[in-house]
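# This is a predicted model, with the sequence first.
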Amino acid sequence: MNPNFAAFVAWCGEPMGKTDRLDCSFCFLLFPQQITSLRDQSGENLPICKESDYYYEYTECDSVGSRWRVAVPHTPGTCTGLPDPVKGTECSFSCEAGQFLDMKNQSCKVCAAGTYSLGTGIEFNEWDELPSGFVNTGTALESSDNESTENCTMSKWTLKGDFVASNSDECTATLMYAVNLKRSGSISFEYQYPDTSIYFEFFVQNDQCQAMDGESKWIRKTERNEWDHHSVQLNRGNNVLYWRTTGFSMGTKMLKPVLIRNIFITGVAYTSECFPCKPGTFNAKPGSSHCHLCPRNTYSPRAATSCQACDKDKYSEPGSGTCKPRSPCSGKDYFSTHTPCDVEGKTQVMYKWIEPKLCSEDAKGAVKLPASGAKKSCQPCNPGFVQINGTHNCEPCQYGFYSDGSQECTKCPVGTEPVLGFEYKWWNTLPKNMFSSCFSGMNQDCEETPGWEVAGDHIHSSIASAGNNYLLLMMHVPGFRPPQSTVENLDNPEVARITFIFETMCTADCELYFLVGPTRENTRSVEVWNGSREKQSYTYVIERNTSLVFMWAFQRTASFEQSRVYSSDVAKIYSINVTNVIGGISSYCGPCALESTSSGSSCVSCSPGQYIDKESSKCQACPPSTHLKAHHHYGKESCIPCGHGTQNNLNHTLCYNNCTFIIHKQHWTWHYDFSLLNESTSITKGPRFTPKGVRYFHHFNIGLCGNQGRKLASCVDNVTGEGVIDNDEGFARAVTSYICQSTLVPSDVTGFRTIMSAHPINLADHLIGVTTQTTLDNITADPGLFPIEKDRTLPDIIFFYRSTESTQTCKNGRASTVRLRCSPANVGSGVISVPRKCQEGTCDGCTFHFLWETAEACPLCSKSDYHEIIGACINGIQKTTYVWSEPKLCKEGVALPNEKVVTCKTMDFFLKIGIIAGTITACLLITTTCYFYKKNQKLEYKYSKLVMNANAKDGELPAVDSCAIMEGEDLEDDLIFMSKKSLFGKIKSITTKRTPDGFDCVPLKSSSGSADMDM
């Protein structure tokens, strides 16, 4: 709408009151002279307006659905005499596809040849410049500084002619378009979304910035260069359309941008003109709703009704607006192939130009096509096949027979059965269930070029017309079935596996994809290899018995440039082996369990938990604490011992831990119960930052024990909207395991309304064992990663896991350890951590380590975890109290005994009795001692006296040398104690006044004294 006219309409519609608005159509109807004078006020005597000076436009519809047609000058003020407004068509009126509305007559007319019309729709299919009405912006994530914002201002959608490409960095690129619909309509567009490292969403808002409900904003990921289609219903009124992408790169790999083309919107009011066919397209018939692409080696200008052929020295791709000169032919413009083997067992090497041929053999410096026909010996037939009638035509052996490919088919011996599958290691011709093709989504038709070529001992990618074409090799398998004698294993989902050996040799950013799906259209990439890769093997486990398509897709470069610069880059596959295929062939026969019947012996299936005994060919039960190998039940060695701390399930299909554990150490026994830790528990580590500073987190889910071997931890990818569709097909983007990892990007970083979870990884799908040792099955849980107190006697419990999924870095799969440590302070689920020096959870990229500190990791309490305290006897009562030993490193188990109370005698009573009895006894002992001591002294004296008297003569006195007194013994005794001394003094006298000969020394009295004594 002309801006001057829009301003005038706004003036006409100014409010006339609080609730009324003067309709624009009535403004023209009631005030035509005023309108004319307004248009002519810029000058006088202006020329009369011609039809080329103005155009027609409809006013806004009023409340009854009517409108007016008015004339709007291209340049206001340059002429006068515009046609008067007339009543227009109904607001719901529109023309059919291939027609346009002639505003002069207000009737529909047919579009001319070379043009087209969509009726009520508009289309955007040319992206040489940004179409009118579109807004293209680039913004930074979490940009708070001017530098970050400036770095992203140029990160927008890029115009590529036939399509528009998103950014591929860590900025947000938004493409926006606003449209007003007169009726309910829709929007549809074609897109390529090959890389989920770019978050791609499409959503619609109304003029109140409210998102439309009921439509998923996430776009389904596409495979290879295929264009997918997305459509959304639109409501009547204003609709704002958003295409938004945000790159997220955690490595150095270049992200593949999102591509959009052919945007088609329906529900607009009318089309007042037809659109010309863009260059490279044409339309020969009037009244067309679309234009056709010009074929290869032709071109057309805009609004063409036919295509023109290119000159002989030029070429063009389909849909080209110009022709390009042919370059001189070189060795990159042809390829070699092999013919089928002849009766002599020879194959011929044939050379052919790559189609379409883009080079010129007549140009200066051009090479000629090499001569074909050179012969070379053919390889033998593949295992399970045999040559027919001496020719080199290989046919499969019939059921019950086997062959290694070089000999005749041999019948399986008694007690064996054929092991069916596909084993391709010789490539004389492409097997019947395999085919190759070339695919390009950029209007580059390469279907005439074979995608892969056989070369005897390998099959390799062919030379395509463009480096970004995908070279496809596909193999169809009708279904899978294990051998008859194999026991069905419901706990191990593996039904078969495919293994192939390959290598890539590249000079650019080539990629080899391996894809799996129920059909060619619904394959999903399960692994991709970038750049040159040495010869290696890869195995993919098949978990569903369904028809599958396996696909190998090789792309030399992701560049949009159509060239053959990297035509020498090649991918080679040496062998492909698929097991347990329905309708497959046998290269060997495996043993089976025999059962005697009336017609002889026949193979039978063993019951769950049984193996085939080698000697008797009978089914035998596996010993306890063992589990059977998947699809290998021959011999007792197929019963694999369970790891430490695990037990077998009922069918011996796996070993599991029931979240309990027992440790015997010297005189100690610890019982553990981890049942409260069995629910899936998560840990988020980070933040981490991409090279451009975008914040993200590593999120781990841990299901410690599982449910009798069934895994409980799950990680999903919610970036694309394909989960529901693929879940029905069994190929949902979710990982279920004991431990899994995903990458989280917060909503405040992406600007989206939800947290982004992407790149789910399986870290542990098999429990190896539970132990206190640091090494189990070549997995080491380095104790230095999680140091522990030196004086701690309670050991850590370690769960060991493996993942069978091999990667480019971890060819033997990943491993994980979960170390449980008793921590009474961390109740409930506790705290999970990763090593400090390995914040990614792994130090080598293949083995992950976790420390789980929780009170639930403590052993169950026992009698040895508490002790008793006996109280004093108070008032005849004595109490015994039981307390836990500190620190308390146990939980639940034995309860603490209640306090014990008993009667008793007080300690004071016995003490008093003892003191009194002791005092009395001491007094008696002292008294008795003194008495007997004195009596002993007297007896010694008398004995001494008797001895002396026996030796003396009659009438003589005793010798003076005796201190004893001959007469008056009793008096002499009194003299000893006559001195007035204290009791202690007297005792001292008795003990000290003794001669060396043992007698007491008492001083003799004088003669007078003696006389007195005589008297």
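Nice, thanks for sending it over.
# can we go C-alpha only for contacts and neighbour counts from here?
Noted.
# Could you list which residues are in contact with Ile870?
Contacts here follow CA atoms under 8 Å, 6 or more residues apart in numbering; on that basis Ile870 touches Gln878, Lys879, Thr880, Thr881.
# Swap in 7 Å and give it another go.
Lys879, Thr880, Thr881 (CA atoms under 7 Å, 6 or more residues apart in numbering).
# Now do the buried residues in the helix or strand harbouring the first one.
Think Lys879. Lys879 is located in strand 877-884, with elements delineated by DSSP states H and E. Neighbour-count burial for strand 877-884, counted by 16 or more other CA atoms under 10 Å, picks out Gln878, Trp884.
# how about it as PDB, C-alpha atoms only?
Taking Å, rounded to 0.1, in the frame of the first residue of the first chain, the C-alpha atoms of strand 877-884 are listed here in PDB:
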ATOM      1  CA  ILE A 877      18.600 -48.100  91.400                       C
ATOM      2  CA  GLN A 878      21.200 -48.700  88.700                       C
ATOM      3  CA  LYS A 879      20.700 -47.800  84.900                       C
ATOM      4  CA  THR A 880      22.400 -49.200  81.900                       C
ATOM      5  CA  THR A 881      22.300 -47.000  78.700                       C
ATOM      6  CA  TYR A 882      23.200 -48.000  75.100                       C
ATOM      7  CA  VAL A 883      24.800 -45.400  72.700                       C
ATOM      8  CA  TRP A 884      26.100 -45.600  69.100                       C
END
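# what about the nearest residue to Thr660 once chain neighbours are set aside, how many neighbours?
Nearest residue to Thr660, sequence neighbours excluded (CA to CA, 6 or more residues apart in numbering): Asp673, at 4.6 Å. Applying other CA atoms under 10 Å, we find 19 residues neighbouring Asp673.
# Next, work out how far apart Ala593 and His652 are.
Separation of Ala593 from His652 (CA to CA, to the nearest Å): 18 Å.
# Surely Trp884 is in contact with Glu868?
No - the criterion here is CA atoms under 7 Å, and Trp884 misses it with Glu868 at 8.9 Å.
# Mind giving me the packing neighbours of the helix or strand containing Ser188?
Assessed by DSSP H and E, Ser188 sits inside strand 185-192. Counting contacts by 3 or more CA pairs under 7 Å, 6 or more residues apart in numbering; DSSP states H and E, strand 185-192 packs against strand 228-234, strand 259-266.
# Alpha carbons of stretch 782-799, in PDB - could you do that?
Taking Å, rounded to 0.1, in the frame of the first residue of the first chain, the C-alpha atoms of stretch 782-799 are listed here in PDB:
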ATOM      1  CA  ASP A 782      41.600 -45.200  40.600                       C
ATOM      2  CA  PRO A 783      41.300 -44.400  44.300                       C
ATOM      3  CA  GLY A 784      43.300 -41.300  43.700                       C
ATOM      4  CA  LEU A 785      40.400 -39.700  41.900                       C
ATOM      5  CA  PHE A 786      38.400 -39.600  45.100                       C
ATOM      6  CA  PRO A 787      40.700 -39.400  48.100                       C
ATOM      7  CA  ILE A 788      39.500 -40.800  51.500                       C
ATOM      8  CA  GLU A 789      40.500 -40.300  55.100                       C
ATOM      9  CA  LYS A 790      43.500 -42.500  56.000                       C
ATOM     10  CA  ASP A 791      42.000 -43.700  59.300                       C
ATOM     11  CA  ARG A 792      38.700 -44.700  57.800                       C
ATOM     12  CA  THR A 793      38.100 -48.400  58.100                       C
ATOM     13  CA  LEU A 794      34.900 -48.600  56.200                       C
ATOM     14  CA  PRO A 795      35.600 -49.400  52.500                       C
ATOM     15  CA  ASP A 796      33.900 -47.900  49.500                       C
ATOM     16  CA  ILE A 797      31.600 -50.100  47.400                       C
ATOM     17  CA  ILE A 798      32.200 -49.800  43.600                       C
ATOM     18  CA  PHE A 799      29.800 -50.800  40.800                       C
END
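# buried set for that stretch?
Leu785, Phe786, Asp796, Ile797, Ile798, Phe799.
# contacting residues around the fourth one?
Ile797 makes contact with Thr771, Thr772, Arg819, Leu820, Arg821 under the criterion CA under 7 Å, 6+ apart.
# Kindly list the main-chain dihedrals of it?
phi -100, psi 130 (degrees, to the nearest 10).
# Relative to Glu886, how far out is it?
Applying CA to CA, the value for Ile797 to Glu886 is 21 Å.
# With the last one instead?
Summarising the geometry, the distance separating Phe799 from Glu886, computed by CA to CA, is 28 Å.
# cool, and the second one?
Distance, Phe786 to Glu886, by CA to CA: 23 Å.
# related to what we said a few turns ago, next up, the contacts around the residue nearest to Thr660.
Cys659, Thr660, Phe661.
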